[in-house]
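[1] give me the fold of what follows.
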Amino acid sequence: MNRPVPPCSGPGTPVAVVTGADSGIGRATAVRLAAQGMDVGITWHRDEAGALRTAEEVRGHGRRAAIARLDLTRLPEAAGTVGALADELGRIDVLVNNAGTGTATPFLELEYATVREVLDVDLVGPFLCGQVAARRMIEQGEGGRIVNITSVHEHQPRVGAAPYCAAKGGLGLLTQVMALELAEYGITVNAVAPGEIATPMTGQEDEDVRRADRPGVPLGRPGDAREVAAVVAFLAGPDSSYVTGASWAVDGGMLRMGPQAGSHLESDAWRRP
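    Below is the predicted model of the structure:
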């Protein structure tokens, strides 16, 4: 069996591609990986200015940055963007499938177009981007890391989020299959499952999470995107070389409560027997 060296441990500068890195968890991840010595490919969908700001932060750490637009509703062609960034930066050692979307629509009111869009962006897109990255990593012969950003709703349902939950649950199980099939090439595949994180997607960008009150979350607050990025960075680096096929919840304990209630409880009464 081929056992390549883990990424980030050999000569040269490792390269990461982070999808949806124009804001939120994606931006925090791109900057964290740059701080750890990686050049970073950055994709954006609607916010090119945000992607340019991320690139500026990456370069502030002395690393190269490349940006490209990625529209995961235009499949399968869109997945080629990962390969294009790898070409521009010379290789790919890490892929972070972070780009995502969602909906808050009752099951009986969902239209096919909405379901199709969420499944493409949150499940089929990461599937195809993962194929592109893995094939390139295998050609390079030095292993690699793939990290799929799922959600606590990989594990637990939420009313009004049927296609989102279906996609994230599917991405979680896809992560496990990828981990099994790519292990022989020295490629690890893991999921990171955030809870409520202060990002544009939740209408909380740049919020001081220490000042936000979430009685139904055991830690009592939402998370900061940098807290998610720290876990992604561990999974993307050499210290996680024996970790694959796992899902890492970054949720302040929300899953222990059940996420349907965790972010909506209005008092701390549950803490007392």
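[2] buried set for the helix or strand of the chain with the lowest mean pLDDT?
    Of all helical and strand segments in the chain, the minimum by mean pLDDT, DSSP states H and E falls on helix 259-262, at a mean of 73. Using 16 or more other Cβ atoms under 10 Å as the test for burial, helix 259-262 gives 259-260, 262. C-beta here means a position set from N, CA and C on the backbone, and glycine is covered the same way.
[3] tell me what the longest helix belonging to the chain is packed against?
    Counting residues, the longest helix found in the chain (DSSP state H) is helix 162-182. In this structure, helix 162-182 packs against helix 112-119, helix 125-140, strand 144-149, strand 187-194, with contacts taken as 3 or more Cβ pairs under 8 Å, 6 or more residues apart in numbering; DSSP states H and E.
[4] want to throw these into TSV with distance to A236, mean neighbour count and mean pLDDT?
    Compiled in TSV, the helices and strands packed on helix 162-182 are given as follows (distance: least, Cβ to Cβ, whole Å; neighbours: other Cβ atoms under 10 Å; pLDDT from 0 to 100):
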stretch	distance to A236	mean neighbour count	mean pLDDT
helix 112-119	26	15	98
helix 125-140	12	21	98
strand 144-149	5	28	98
strand 187-194	9	26	98
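[5] where does L219 land in three-state SS?
    coil (DSSP: H, G, I helix; E, B strand; the rest coil).
[6] and for it, nearest residue in space, chain neighbours not counted?
    Spatial nearest neighbour of L219, excluding adjacent residues (Cβ to Cβ, 6 or more residues apart in numbering): G252 at 3.7 Å.
[7] from G12, how far out is the one you found?
    38 Å (Cβ to Cβ, to the nearest Å).
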